[in-house]
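Enquirer: Requesting a structural model of the entry that follows:
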Amino acid sequence: TGTELTQIPEYVKKDQLRQRKGSSSWYWRKRIEKGKPEKFFSGTEGKDESHRLINSKYHLNLLGEQQLKQKRSSSPFISDTALLYAAADHTWVKALAQTRLNNLRSLSKVTRHLASGPAPRFKRIEGDAVKVEIVDPGFWTKIRTDELTEKSAKNFQSKYTNGLNPNSIKYQTKADGANGYLKQARGVFGKEAMKVYRDHFKLPDISAWKQVDRLEVYKPDWEAPSADAMVKFWRDLPELESSDPDAYALFLTTYGGGLTVGETLNCKYSWFGSEEVTDHDLSVATNWYIHVQPTDDWRPKNPKRIRKASITESIFQKLIDLRYVRRPARNERKINITDDELIKAVWSKAMTKVAADLNTTDVTVKKTCTRRGIPTPKAGFWNKVEAGLVEHPNGIMPPSVAEQYKPAEQAAYSHDDYLIQRGRCQGATGVGQRMARWFKERGWDRKQVSHEMRKLHLSKYLLSTGDLVATSKQAGHATTEMTEKTYIAVLKKHKATIDLPKG
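Expert: Numbers count the residues shown, from 1 in each chain. Model (predicted):
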């Protein structure tokens, strides 16, 4: 029956596929009733596509042509549509790689309650700014698109808010999150993507799922942190500058220039400039700016983001100076000590003990010393010291070794001219997370840091200029209404002057 056909399982497991010797194509071997095992070949190189084709061939062998056609006419699995969405050319689906990742992850979130099994896994494709790879479709292989109904969307909303009181702050936060996940998940089934799917499947009507009402969320007007609350952060900023120059640069661009994190990660030193401007009183002044603009592999969110964001001369100069500041390598971040301190450590005790003191590994300590040009004791040195064959150096390099020490010179950073050094701004240890961690360790009690710094900059900019249009241009907002909605409240605060009537 039709019901039975929609429940046909996935016979071929992806981890059962094998590559042919001397070939990059895939095959699967299965014994059908009695006789020798039969092999099903894909004839293609990609494992995902081979997985789909071999499953199809086995279904055809098992069920017969007519039933297979009936099966194909039923709703496709979400895994099928997701694979097409992830691999679609930019001419069909305009979303870039990061947007596709966000949409797919959100779809995983809003469909999690529909099936059991491992969650889908995704990854970026190196050198591809558009397509992404679905490493494993996970439980999506059990869910058909006709299960994306109004009921399933509302069930997700219910489960995500978990029976919280709609009047509570916690509910408001969760409801806002549920709205965001549903909005992004629908991107996988946008108008462009649906055209791609229709060439491959007979799609069900999921308009009710796409149009389910958003949960009502009360969002109060944004308020800047008080000056008193920010004092402790401003006091410790020199420590951030010395320990993590890239995180400090992100702080300067967001708080000092109103840039977003994405703009900062793609900011180049060639964006920095100055120009002479004439004020209303005909006096000439210098305007320092960061010119946000597209690069070879990135473009701003909207055309209004292509702008010259004004910054002060002091912040401009500080960002320029950071170009020459030494950055620790990824595995060197825990070794935040000077060369002299590191020399004293490695010539006082064995490398493993130094590593334990620094909460890292002896390999990291050794690589750090090599990178900094610091000679270290040779293998077996500390055994000779314990045996009394060699005098303990007591933290001082022997004269013969000291001659080899040449402090590594820090050259100007020049990797494509980026402000944030490349290779240190992605993943769990990205510069945004590092800056947020630094603030939260000092008592930051808001949800975000970098975006709040941008908002703080724009609120101060609006207060100092009183010009809503200029502030909108500084922010790169698509419309002035967006600026007004967020920041106009800062201009509406007036001291109350109405007192009790005097009798």
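Enquirer: Now tell me what touches the strand or helix carrying residue 83 from outside.
Expert: Assignment of secondary structure by DSSP states H and E places residue 83 within helix 78-87. Applying C-beta atoms under 8 Å, 6 or more residues apart in numbering, the set of residues contacting helix 78-87 from outside is 48, 52, 93, 100, 103-104, 107, 111, 120, 122, 131-134, 137, 140-141, 143-145, 148, 188-189, 193, 196-197, 200-201. For the C-beta atoms, the positions are set from N, CA and C on the backbone; glycine is no exception.
Enquirer: Looking at those residues, which are in helices?
Expert: With DSSP state H as the criterion, helices contain 48, 52, 100, 103-104, 107, 111, 193, 196-197 from among these.
Enquirer: from memory residue 200 sits against residue 88, does it?
Expert: No - Residue 200 is not in contact with residue 88 according to C-beta atoms under 8 Å; the separation is 11.2 Å.
Enquirer: Which one's more surrounded, those two?
Expert: Counted by other C-beta atoms under 10 Å, residue 200 and residue 88 do not tie: residue 88 has more neighbours, with 20 against 12.
Enquirer: residue ranges for the strands of the stretch 251-400 of the chain, please.
Expert: Counting by DSSP state E, counting those that start in this stretch, the stretch 251-400 of the chain has these strands, from start to end: 272-278, 284-292, 307-311.
Enquirer: who's in contact with the second one?
Expert: Counting by C-beta under 8 Å, 6+ apart, the neighbours of strand 284-292 from elsewhere in the structure are 253, 257, 259, 263, 267, 271-279, 300, 305-313, 315-316, 476.
Enquirer: Check the offset of stretch 234-249 from the chain's centre.
Expert: In terms of C-alpha atoms, centre = their mean, to the nearest Å, the centre of stretch 234-249 is found 22 Å from the chain centre.
Enquirer: Show me where the stretch 51-200 of the chain dips below the pLDDT cut-off.
Expert: Applying pLDDT under 70 to the stretch 51-200 of the chain flags the ranges 59-73.
Enquirer: let's go with 50 and repeat that
Expert: Low-confidence regions of the stretch 51-200 of the chain, defined by pLDDT under 50, span residues 65-73.
Enquirer: same check, this time on the stretch 301-450 of the chain
Expert: Residue ranges of the stretch 301-450 of the chain with pLDDT under 50: 411-413, 424-429.
Enquirer: Give me the buried subset of the contacts of helix 78-87.
Expert: 48, 52, 93, 100, 103-104, 107, 111, 120, 122, 131-134, 137, 140-141, 143-145, 148, 188-189, 193, 196-197, 201 (16 or more other C-beta atoms under 10 Å).
Enquirer: Do I have it right that residue 261 meets residue 250?
Expert: Yes - if you go by C-beta under 8 Å, residue 261 and residue 250 touch, sitting 6.9 Å apart.
Enquirer: Common neighbours of those two, please.
Expert: Contact criterion C-beta under 8 Å, 6+ apart; residues bridging residue 261 and residue 250 by contacting each: 432, 450.
Enquirer: All set, thanks.
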